[in-house]
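Asker: my questions are about this predicted structure, shown below with the sequence.
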Amino acid sequence: MKTSFLYLFAKCAALLLAFSQMPLEDGIAPVTMLTLLLCCLFAADILTASFLRTQLPAVFLRFVVIGICLYTGAAFLPLAVINVAQLADNGAQEEQFWGITAVSCILFLLLLQPSLQIVFLTLAMLLLLGILRTLNRKITALTARSNQQSAELAAQRKKINGIKEYVKAVRDTAALEERNRFAARIHDQLGHNISGSIILLEGAKYLIPTQPERAQSTMQTAIDNLRGGVDSIRTALHEERPDRAGLGLSALHTMLEEFSASYGIRTHLETTGNLEEISVALWMCIRDNLTETLTNTIKHGKATQFTLTIRMYNRALRVEYRDNGVCSGTVRKGLGLEAIEERTAANGGNTLVRSGMDGFSVTTVFVSRQ
């Protein structure tokens with residue numbers, strides 16, 4: 001609520017209170033005219049304060065209302081005090097607000113000499129106004145802070161998107177450079193052998209009618225060259241074959257880091273054992289299950305930390321997805337958990353789901369049949 005509307009509400013309440021204390025011997029017409037006049041002044045105050053850059057017209061109108069209140073009588077003391085409080089609120093510092101309001105209230109009491117009932121009503125309205133004013137300031141501060149945090153969050157998301165695009169560009173560039181390097185290596189190792197073998201075979205073709213033994217020796221040399229080229233290709237392919245465990249862990253690291261950056265939940269990855277024994281199908285299963293459990297953490301967990309643990313034993317693989325969210329003891333399996341169970345079973349594994357005060361966990365175990 002804007003401060004001007006808060007004071008408008010207080011003024012209307014004080015106006016009703018004043019009319020309830022006024023005698024009606026002179027008829028209702030003067031009361032009605034006074035009511036209309038004050039309401040017009042209130043409306044003009046709101047309009048000038050909202051649409052004009054300078055506050056002088058609004059200050060003048062508030063002084064006019066104070067003058068009318070002092071002229072009318074003691075019944076309008078609460079309305080006069082509220083207008084003084086509004087002037088102090090707009091022109092004085094926070095520590096001076098109550099001092100100015102209290103001094104003005106004492107002066108009005110000495111000038112108007114109201115009844116004890118009017119004094120108590122005035123103090124009650126000041127107390128209510130102070131409470132509403134304090135709450136309004138806190139709400140305004142919280143709203144401003146929320147807007148600032150929203151702007152900071154939007155800036156962070158924009159920064160994260162920029163980082164993602166940069167990482168993607170770096171990956172694409174690295175992949176292109178690696179492909180060019182591998183192509184150059186194959187060309188250097190295999191191109192010379194093939195070109196030389198073609199020349200030898202063409203020469204052997206002409207030597208067959210006249211020098212068959214020399215032609216046979218030339219063809220054998222060409223065959224040896226081609227075999228050497230094939231062996232070079234096999235060696236290159238074996239050396240350039242990507243590390244399966246490294247690729248799998250890299251994908252999981254990327255998912256966890258992006259999740260942490262997007263939702264502010266700390267993530268951790270723990271691994272033990274020889275991860276090279278994990279097949280590509282199991283890496284894909286782990287990755288898809290991680291996606292499901294991260295989604296579950298966002299929707300239901302209220303967690304601040306997520307841990308992925310991969311342990312490879314002699315003939316068994318154990319993967320645990322755990323968060324520290326607040327959970328009840330009962331687990332209701334939705335589509336996500338059912339998909340994890342089906343995916344794990346399709347790869348020959350079993351799924352165990354646990355829920356408690358220490359968090360929520362999904363454990364999958366794969367046992368080798370060899």
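Answerer: Perfect, thanks for sending it.
Asker: rest of the way, CA atoms for contacts and neighbours
Answerer: Noted.
Asker: tell me where the model's unsure across the stretch 201-350 of the chain.
Answerer: Residue ranges of the stretch 201-350 of the chain with pLDDT under 70: 236-247, 301, 328-331.
Asker: isn't residue 283 right next to residue 251, touching?
Answerer: No - if you go by C-alpha atoms under 8 Å, residue 283 and residue 251 don't touch, sitting 9.5 Å apart.
Asker: neighbour count winner among those two?
Answerer: In this comparison of residue 283 against residue 251, neighbours counted by other C-alpha atoms under 10 Å, the higher total goes to residue 283 at 19 against 13.
Asker: what about that one, which helix or strand?
Answerer: Here residue 283 is covered by helix 280-296, with elements defined by DSSP states H and E.
Asker: give the buried residues for that helix.
Answerer: Of the residues in helix 280-296, 282-283, 285-287, 289-294, 296 count as buried by neighbour count, 16 or more other C-alpha atoms under 10 Å.
Asker: packing partners for it?
Answerer: Judged by 3 or more C-alpha pairs under 8 Å, 6 or more residues apart in numbering; DSSP states H and E, helix 280-296 is in contact with helix 244-263, strand 316-323, helix 335-346.
Asker: any chance of those in CSV, with distance to residue 47 too?
Answerer: Converted to CSV, the helices and strands packed on helix 280-296 look like this (distance: least, C-alpha to C-alpha, whole Å):
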stretch, distance to residue 47
helix 244-263, 44
strand 316-323, 55
helix 335-346, 56
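Asker: hey, which of these is tucked in deepest?
Answerer: Neighbour counts (mean count of other C-alpha atoms under 10 Å) averaged over each of the helices and strands packed on helix 280-296 peak at strand 316-323, with a mean of 20.
Asker: just the residues contacting it, thanks.
Answerer: Contacts of strand 316-323 from elsewhere in the structure, counted by C-alpha atoms under 8 Å, 6 or more residues apart in numbering, are 286, 290, 293, 297, 301, 303-312, 359-368.
Asker: so what are the sheet partners of that strand and their directions?
Answerer: Taking DSSP bridges as the criterion, strand 316-323 pairs within the sheet with strand 305-312 (antiparallel), strand 359-367 (antiparallel).
Asker: ok, which of the helices and strands packed on helix 280-296 comes nearest residue 55?
Answerer: The closest approach between residue 55 and any of these, judged by C-alpha to C-alpha, belongs to helix 244-263 at 44.9 Å.
Asker: you'd agree residue 76 is up against residue 16?
Answerer: No - the pair residue 76 and residue 16 fails to qualify as a contact (C-alpha under 8 Å) at a distance of 9.7 Å.
Asker: which one's more surrounded, the two?
Answerer: Higher neighbour count among residue 76 and residue 16: residue 76, with 26 against 13, using other C-alpha under 10 Å.
Asker: got a markdown table for the strands paired with strand 316-323, with distance to residue 261 and mean neighbour count too?
Answerer: Shown next, in a markdown table, are the strands paired with strand 316-323 (distance: least, C-alpha to C-alpha, whole Å; neighbours: other C-alpha atoms under 10 Å):
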| stretch | distance to residue 261 | mean neighbour count |
| --- | --- | --- |
| strand 305-312 | 12 | 19 |
| strand 359-367 | 21 | 20 |
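Asker: and those as a markdown table, adding distance to residue 60?
Answerer: Formatted as a markdown table, the entries for those read as follows, by distance: least, C-alpha to C-alpha, whole Å:
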| stretch | distance to residue 60 |
| --- | --- |
| strand 305-312 | 59 |
| strand 359-367 | 63 |
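Asker: cheers, nothing more for now.
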